[in-house]
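Q: structural data only, the sequence is not supplied:
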């Protein structure tokens, strides 16, 4: 029994640290977005701030896609959480769509396709709304696919 507890701690303790790191990246993303959103000048005038935002944005969505969601799904499978996996199937397509919009925004900035400050700022506002939605969906996934399993692991101890 102690081996099982230690194994679970080693296995899912890392998920908690991964989520903590990812949520810290989210905080950095929101801060970088706020710099652009609250700037008195158009976003184009703040090319360095736009570039920094895009770098954090790509890191954040990549970590979600390639690390966090995969770990959360693996954890749910290990706990036999059919309800959680079903919820993830329903939520994940919308998260993927928002990821795609974030990558398109980044590509526009990288390629210089969108140097018109009015359209760049409008695109940034739309992206901000989508990121807000994404954060809520991600929080739901963390709650259902991770936090509920932590409670199960503690109860098994």
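A: Received it, and whenever you're ready, just let me know what you need. In this text, all values refer to a predicted model and were calculated from it rather than measured experimentally.

Q: and the residue nearest the centre of the chain, how far is that from residue 117?
A: Per CA atoms, centre = their mean, the C-alpha nearest to the average position across the chain is that of residue 64, at 4.7 Å. From residue 64 across to residue 117, the span is 29 Å (CB to CB, to the nearest Å). To be clear about C-beta, it is placed using only N, CA and C from the backbone, and glycine gets the same treatment.

Q: quick one, phi psi at residue 80?
A: Torsion angles at residue 80 (phi, psi; degrees, to the nearest 10) stand at phi 60, psi 30.

Q: what's the first helix or strand after the strand or helix carrying residue 36?
A: Assigning secondary structure by DSSP states H and E places residue 36 in helix 2-38. Next helix or strand after helix 2-38 toward the C-terminus (DSSP H and E): helix 47-63.

Q: how far off helix 47-63 does the helix or strand following that next one point, in degrees?
A: Next along the chain after helix 47-63, taking DSSP H and E as the criterion, comes helix 69-78. Put simply, helix 69-78 runs at 20 degrees to helix 47-63, going by axes from the mean of the first three to the mean of the last three CA atoms, to 10 degrees.

Q: got the buried residues for the helix or strand following helix 69-78?
A: Reading on from helix 69-78 to the C-terminus, the next helix or strand found by DSSP H and E is helix 82-111. If you call a residue buried by 16 or more other CB atoms under 10 Å, then helix 82-111 has these buried ones: 84-85, 87-88, 91-92, 95, 98-99, 101-102, 105-106, 108-109.

Q: with stretch 50-66 instead?
A: 50, 52-54, 56-58, 60-61, 63-64.

Q: from these, which has minimum pLDDT?
A: Lowest pLDDT among those: residue 50, with 89.

Q: correct me, but that one touches residue 33?
A: No - judged on CB atoms under 8 Å, residue 50 makes no contact with residue 33 at a distance of 10.5 Å.
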